[in-house]
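Asker: Next input, structure requested:
(chains A and B)
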Amino acid sequence: MAPRPPLLDLSRITKRFGGLRALADVDFVIHPGEVVALVGENGAGKSTLIKVITGIHPPEGGSIRFRGEAVEIRNRRDSQLLGIEVLYQELSLVGVMNAAQNVFLGKELSKSYLGLFELLDNERMQIEAERILLEQLGMDFKGRWEPIFQMSGGQRQAIALARAIYAKASLVILDEPMASLGVEEVERTINIVKRLRDADVAVIVISHNLEHVFAVADRLVVLRRGRKVGDAPKGAITPEEAIALMVGRLEEKIVTETTGSPDQERGEVADDDGSRHER
Amino acid sequence: MTTDPGTSAETRLRSRPFDRLVWQRPLSYWLTLFGPWIGIVVFGVFMMLMREDWFTVVNVRNILIQASVFMVLAVGMTFVITGGGIDLSVGAMTGATALTVAWLVKFTNLPDILAILAAFAVGALMGTINGLLVTRLKMPDFIATLATWITYGGAVLVVIEGHTLFRFSDTVRFLGRYRLFDQIPMAVIVALLVAVLGHVLMTRSRFGRYTIAIGGNRKASVEAGIPVERYKMFHYLFMGLLAGLAGVIMLGRLNAVHGLVGEGYEIHTIAAVIIGGTALYGGVPRIWGSIGGALLLGMMANALTFLGIHYFVQYVLSGVIIIVIVLVYSLLGYRQRPEG
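Answerer: Predicted structure coming up:
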């Protein structure tokens, strides 16, 4: 086992929607400073798993541990308190506001005047936001007072990430972060993810693009029809295998991290934490 | 994190103070910022050329007093519209609050000062009802306030039964009639104070910041943890309180109320806000623009009277001006509501 507990440890998570089984006995582990790619076809359960983690859809079965302690994540507020931040493909930014206003939205800094009334400290927020954008995300931009709707997708993404960093995120979930970006901006996003990892933030990347996934992730988790069918460090799995897992040509491939070698391929599977499932 | 002077972000920020002056901003930006003031100057010069006796202390003061009621209302409306709403009931609320004061003074032994305070209470109550309809019953802002416009307006007619209440004490008329140093009308001072309050709230308070966020992108505001419904509620409450203030000023100025007082004020208020450059779809406030818009409309009303043109023509002109201004904004590519 790792010297410190995983950041997030989901065990035997089950979620149904009516008669539809969205997740069945899914185990998912992520450590601080680890980048895990979550891949799978549409309807494989990627979004549901994210919604379980963020508390939007609490699970019906299974348990969640956060930094080794059992927790319940019943709503978005709970997950926010754990430092779980999500960046959806459609970024949750206010286009008419400038970068700093977006970074601090909902968490504004204020200053007291004569101890009587409090006003927003716009100048300090501007400086702090720029510091995060410039020093942690390497984003240098003109028009810092401009509304952000004129900015490129990559710049907007950096602003959304600055929000997550300012919120002291422990886990950042990126939903299709590179779907609508140009080549240069994909590069930038990959660098930002690496910076987050270096800052000990755990990152889950959801993507269809295996090329991007392999460029950025430390480990791949493959879902198919609500089951985890693949879990392997980047070096232990090929893109071809990942695709085969996604579409069902390959039954299962779970590689434990401690040994770094294939534990089982097809048939019975054992994780190093002792949980077992049959398939 | 703490501010550590001398860090690169701060140094950079301080070394380029003129970034704020964004000359690269589009013409439409400047137009929405100064549009009404340009209009005021152009129209003022036009009137001075037309009539020599127009630009006098007395007449300018009249214009300012007349416009001050709309300035107060327009500040509230700027918040409502910026937050993605609209309040059609402001005229009825203004009439109802004026009537409240008048009725209490005439038919009860309530001290004048308490009667005035009652106007604010009634304004707050009506604003709260608007807010509840929008946030609790999930009615569209337009429909909810259309309904209350009719309701509040009807209630005024029911109470006053076709009569006119007139002649009030100096206390009641203080805000509408008193002049500081015998020169500066109290109504104008109050309107400017409201404008300054609106400006500070909009730029330096969470109330203002969240108003912009909600109007700019409601979904993102929810995800940022902003209690959207509560702030929508505040917008209508704030509007109701300002309608109370406007009602007191109006009563003091006119020294009378009748059943139809306040009629058409909603149109003028919304027109002032739009002329001022506030985006009708929310997210972009222009408090001082609203003040300018109210002043411009006040000047026009006064000028038409001065030139002997029928008052009703003002409605036509206001409508045409709104169309022209919105057209100019959109021709210049001013995006009223950028997505996201």
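
Asker: any bit of stretch A:46-65 sitting next to chain B?
Answerer: No - Stretch A:46-65 lies out of reach of chain B by CB under 8 Å from any CB of the partner chain, never closer than 10.6 Å. Every residue, glycine included, has its C-beta placed from N, CA and C.

Asker: From the chain's centroid, how far away is that stretch?
Answerer: 13 Å (CA atoms, centre = their mean, to the nearest Å).

Asker: Same check on stretch A:209-216?
Answerer: Stretch A:209-216 sits 15 Å away from the centroid of its parent chain (CA atoms, centre = their mean).

Asker: Buried ones in that stretch, by neighbour count?
Answerer: Within stretch A:209-216, the residues scored as buried using 16 or more other CB atoms under 10 Å in any protein chain shown are A:210, A:212-213, A:215-216.

Asker: Stretch B:125-139 now?
Answerer: Buried positions in stretch B:125-139, judged by neighbour count with 16+ other CB under 10 Å: B:125-127, B:129-131, B:133-135, B:139.

Asker: and that stretch, what's its mean pLDDT?
Answerer: For stretch B:125-139, mean pLDDT is 94.

Asker: got the contact list for it?
Answerer: Applying CB atoms under 8 Å, 6 or more residues apart in numbering or on different chains, the contact partners of stretch B:125-139 are B:85, B:87, B:89, B:93, B:96, B:140-141, B:144-145, B:147-148, B:152, B:229-230, B:232-241, B:243.

Asker: helices and strands around the helix or strand hosting residue B:210, which ones?
Answerer: Using DSSP states H and E, residue B:210 falls within helix B:206-216. On a contact count with 3 or more CB pairs under 8 Å, 6 or more residues apart in numbering or on different chains; DSSP states H and E, helix B:206-216 meets helix B:57-82, helix B:186-204, helix B:218-223, helix B:228-254.

Asker: residues from chain A in reach of chain B?
Answerer: Residues of chain A lying near chain B (CB under 8 Å from any CB): A:77, A:80, A:90-97, A:101, A:105-108, A:110, A:119-120, A:122, A:124, A:126-128, A:130-131, A:134-135, A:143-147, A:149-150.

Asker: if you look at the residues you listed, which of them are in strands?
Answerer: Those of the residues of chain A next to chain B mapping onto strands are A:110, A:119-120, per DSSP state E.

Asker: From those, pick the one nearest chain B.
Answerer: The shortest approach to chain B among those belongs to residue A:119, at 4.1 Å (CB to the nearest CB).

Asker: and which of the buried residues of stretch B:125-139 is nearest to residue B:68?
Answerer: Minimum distance to residue B:68 across the buried residues of stretch B:125-139 is 20.1 Å, recorded for residue B:127 (CB to CB).

Asker: That closest one: what secondary structure?
Answerer: Here residue B:127 is recorded as helix under DSSP: H, G, I helix; E, B strand; the rest coil.

Asker: quick one: it from residue B:121, how far?
Answerer: Between residue B:127 and residue B:121 the distance, using CB to CB, to the nearest Å, works out to 11 Å.

Asker: same thing with residue B:135?
Answerer: Using CB to CB, we find residue B:135 at a distance of 21 Å from residue B:121.

Asker: Likewise for residue B:297?
Answerer: Distance of residue B:297 to residue B:121, given as CB to CB: 29 Å.

Asker: Compare the two (neighbour count), which wins?
Answerer: Between residue B:297 and residue B:121, counting by other CB atoms under 10 Å in any protein chain shown, residue B:297 is the more crowded of the two (26 against 15).

Asker: correct me, but the more buried one touches residue B:67?
Answerer: Yes - judged on CB atoms under 8 Å, residue B:297 makes contact with residue B:67 at a distance of 7.2 Å.
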